[in-house]
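Q: Structure for this input, please:
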Amino acid sequence: MQEACLNFSTVVMDSWYFENNLMRFIESKGKAWVAECKNNRLVLYNDKWIKIRGLIKGTTVREMASYKIDGKIYLVKQYMLDMKGLGKVNIVINMGINCTNILVANNLG
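A: Numbers count the residues shown, from 1 in each chain. Okay, the predicted model is just below:
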């Protein structure tokens, strides 16, 4: 099988594809990745493995940055934590009025 010659630096995906083996494969190709993440993934926070939903529950509105985009207000909090099976990752939690989104990336810069 011949590899496609595509010029890209980052792979973006939804939570369906966010799986440790795929992330390591993408990294082995020298690429960055950004993925939506379910709230049951484990992260190391204050020397304890907790689910991201616990991280969200413990995050107060005062700790979050507020951004207004197209008249909508978004509350955002960023963490740099170890994720089980992946090591150090960048986690961004976005809390809206009716939903919470979690994005995870290996680009730590």
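
Q: can you pull out the helices in this structure?
A: With DSSP state H as the criterion, the chain has helices at 20-28, 52-57.

Q: Direction included, what does the longest strand along the chain pair up with?
A: Counting residues, the longest strand found in the chain (DSSP state E) is strand 72-83. Here strand 72-83 is paired, per DSSP bridges, with strand 42-45 (antiparallel), strand 65-69 (antiparallel), strand 87-95 (antiparallel).

Q: list the buried ones in it?
A: Counting neighbours by 16 or more other CB atoms under 10 Å, one finds that the buried residues in strand 72-83 are L75, K77, L81, M83. Every residue, glycine included, has its C-beta placed from N, CA and C.

Q: So for stretch 64-73, what gets flagged as buried?
A: M64.

Q: Could you pull up the mean pLDDT of it?
A: Per-residue pLDDT over stretch 64-73 has a mean of 90.

Q: CA atoms only: put it into PDB for me.
A: Extracted in PDB, the C-alpha atoms of stretch 64-73 (Å, rounded to 0.1, in the frame of the first residue of the first chain):
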ATOM      1  CA  MET A  64     -12.500  30.300  34.100                       C
ATOM      2  CA  ALA A  65     -11.700  32.800  31.400                       C
ATOM      3  CA  SER A  66     -14.700  34.400  29.700                       C
ATOM      4  CA  TYR A  67     -14.800  35.000  25.900                       C
ATOM      5  CA  LYS A  68     -17.600  36.600  24.000                       C
ATOM      6  CA  ILE A  69     -17.900  35.400  20.400                       C
ATOM      7  CA  ASP A  70     -20.800  36.400  18.100                       C
ATOM      8  CA  GLY A  71     -22.800  37.500  21.100                       C
ATOM      9  CA  LYS A  72     -22.400  34.200  23.000                       C
ATOM     10  CA  ILE A  73     -20.300  33.900  26.200                       C
END
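
Q: Could you shift the numbering so residue one becomes 219, and keep it that way?
A: All set: I'll call the first residue 219, so the last point we hit is now stretch 282-291.

Q: Can you verify my assumption that N258 contacts K269?
A: Yes: in this structure, N258 is within contact of K269 by CB atoms under 8 Å, at 5.2 Å.
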